[in-house]
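Visitor: My questions concern the predicted model and sequence given below.
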Amino acid sequence: MSIWNLYEKTYEKLWVQHISLRPTRKAVIRALSSLHLPENTLLDMSCGTGQLLDDLKRDLPEIKCMGVEPSLMRRAAASKGHKILESNVEHFESTEKFGCIVCTHAFPYFSDQQDAISRFSEHTLPGGYLIIAHAETKTIYDLLMLKIVKLTTSKANYPAPSKMKELLEPYYKICDVVEINAWYVPSITMYVARKGEL
Ligand SMILES: C[S@@+](CC[C@H](N)C(=O)[O-])C[C@H]1O[C@@H](n2cnc3c(N)ncnc32)[C@H](O)[C@@H]1O
């Protein structure tokens, strides 16, 4: 059983939500506010309980959103009225392509990160975007914090910016790299990348 299933009812009450994940959601909304998404569609890969989808519905209601979530957390997201598909990233397939794919705080848990980016690219419309954000270990403080976080999650591999560049560049052009830093959280980096127009 996936450890993520255990968070179906408790995820939104966790301390990490308030001090660490909320600033990321704000940064994603800020980035999206200045982008023009082809067909105005967005897929939130590994949407958890749908908190980013909640924020998008409130702040950018013109974007048509859906989420993908393998764990039981998807039930919490679906119960709030979001359109949710059950899948892990390894088996994700859709006939639809999206104007933007967002993936926050989930990429480190993917078993084959290159394959995940390739899959995202297959599902991004030409001229569309990938926004991906997660923690990394830049400092000893980050290392300690992430060791604690790792005790409560599935196996994780936090790629550094140089690795992210290597993973993204065969498929996307990186438009922006944003550091989402507050003294009390591990370093978080958000990458905004665009797929070339055909
Ligand atoms: C820390 S939560 C982040 C949830 C949400 N994106 C957020 O920012 O609050 C990590 C998420 O990654 C998902 N996840 C873990 N392994 C996955 C995989 N192989 N494929 C898709 N999602 C996965 C978990 O189910 C969980 O929803």
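Guide: Perfect, thanks for sending it.

Visitor: What is the burial count for Leu85?
Guide: In terms of burial, Leu85 registers 17 neighbours under the definition other CB atoms under 10 Å. No exception for glycine: its C-beta is placed from N, CA and C like everyone else's.

Visitor: Please name the bridge partners of it.
Guide: On DSSP bridges, the residues paired with Leu85 through beta bridges are Val68.

Visitor: I'd say it and Gly67 touch.
Guide: Yes: look at Leu85 against Gly67 with CB atoms under 8 Å: they come within range, at 7.3 Å.

Visitor: Enumerate every residue touching the residue lying closest to Val89 once chain neighbours are set aside.
Guide: For Val89, the nearest residue in space outside its immediate sequence neighbours is Ala116; the separation is 4.9 Å by CB to CB, 6 or more residues apart in numbering. For Ala116, the contact set (CB atoms under 8 Å, 6 or more residues apart in numbering) comprises Val89, Glu90, Phe107, Phe110.

Visitor: host element of Ala116?
Guide: helix 113-122 (DSSP states H and E).

Visitor: next one: that helix to chain centre, how far?
Guide: 13 Å (CA atoms, centre = their mean, to the nearest Å).

Visitor: Stretch 169-185 now?
Guide: 12 Å.

Visitor: What residues sit buried inside that stretch?
Guide: Applying a neighbour-count criterion of 16 or more other CB atoms under 10 Å, the buried positions in stretch 169-185 are Tyr171, Tyr172, Val178, Ile180, Val185.
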